[in-house]
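Asks: Need coordinates for the below:
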Amino acid sequence: MEFKELIGNEKVKDILTNIIKLNKIAHSYIFCGPSGIGKTLFAKEFAKMILCDDKIIRPCGKCKSCVEIENNNNPDFILISQEEKKIKIDQIRQLQEKIIEKPIISNKKIYVIKDADTMTKEAQNCLLKTLEEPPAYITIILIVENESMILNTIKSRCTKVMFNKIPNEELKNYLETIHGLNNITTNILKASNGSITRAINFCENIEFYKQIDKVFTNIESLNLLDVLNKLEFLYKNKEEIYDVLDYINVILCSQCKKNFKYIKYVNQIEETKKRLKASSNYDMCIDKLLYEIWEEV
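Replies: The predicted structure is shown next:
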């Protein structure tokens, strides 16, 4: 894969390409922007360009380094991911232990930390020591959605690269031509908010989201028992609840144009999202939402 095959963020492509052309590779970067838009893919392609053996065409896609990165077995390209929804201090300590080892097949080593905004404070303070005095051959890329969760002392030592969400038309075209998806509704595009990952998830579960459309488009005409029965799915979709709630609010916001009363439902959904983030009791949050909807209906 090359930058030209990645969707969106043309300005970022130019920035990263020029860094390579000018040989101005920094020790650390923060790739910041909405989730699901391809920041990790950009980081992987940037790593290919840095580590590629070909000095003219980078990445060449054919050298040992490029091939091994594509196959996820390049010893000089290390991807760090969450453990139990956190980047923990032990993971950063392992990075520090390995970082002193020189590159094996290239003249540089690249560390990419996915979801770096989930690093614990202990992990961030540990990483800071490495960022203060990194080995000359090291480049660290932090993949971040919520920049405010990163310590200022870390941000001050990183070059920031901002990513934007993908426009709806560009996203729709990409899903149709690359993924062969033809069931992309306006609600899906709005709820995806420029995220490829979310859009694909909505399309792959289109029948489920069609049912949500039916419920919330006609919620005022349902009786209490219907509402409770039809919304029972909220208890069963814990892993994807934020996608589900965002999709519901897209429907409700469109209904607001017909009846301003729907704004109350929108507010209830937004409050539920806040409670879910602050509370560990998932069922109680959904109970409260259903009760509030019941009151309105």
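Asks: rest of the way, CA atoms for contacts and neighbours
Replies: Noted.
Asks: and Ile30, that one's in a strand?
Replies: Yes. Assessed by DSSP: H, G, I helix; E, B strand; the rest coil, Ile30 belongs to a strand.
Asks: Quick one: neighbours of Lys55, just the number.
Replies: The number of residues packed near Lys55 is 12, by other CA atoms under 10 Å.
Asks: Let me know the secondary structure of it.
Replies: coil.
Asks: what do you get for Asn107?
Replies: Applying three-state DSSP: Asn107 is coil.
Asks: so what's the backbone phi/psi at it?
Replies: phi -100, psi 0 (degrees, to the nearest 10).
Asks: Chain neighbours aside, what residue packs nearest to it?
Replies: Computed as CA to CA, 6 or more residues apart in numbering, the closest residue to Asn107 that is not its neighbour in sequence is Tyr137, at 6.6 Å.
Asks: same check, this time on Phe163
Replies: Gly33 (4.7 Å).
Asks: same thing with Thr118?
Replies: For Thr118, the spatially nearest residue (CA to CA, 6+ apart) is Lys86, at 5.1 Å.
Asks: ok, how many other residues are close to the one you found?
Replies: If you count neighbours by other CA under 10 Å, Lys86 ends up with 16.
Asks: and it, bridged to which residues?
Replies: Per DSSP bridges, the residues bridged to Lys86 are Glu83.
Asks: SS state for Val161?
Replies: strand.
Asks: what sits against it?
Replies: Listed by CA atoms under 8 Å, 6 or more residues apart in numbering, the contact set of Val161 reads Val12, Tyr29, Ile30, Phe31, Cys32.
Asks: Go again with 6 Å.
Replies: Phe31 (CA atoms under 6 Å, 6 or more residues apart in numbering).
Asks: And the pLDDT for it?
Replies: For Val161, the pLDDT comes out at 97.
Asks: same check, this time on Glu2
Replies: We have a pLDDT of 69 for Glu2.
Asks: next one: Ile184
Replies: 89.
Asks: likewise Glu170?
Replies: Per the predicted model, pLDDT is 92 at Glu170.
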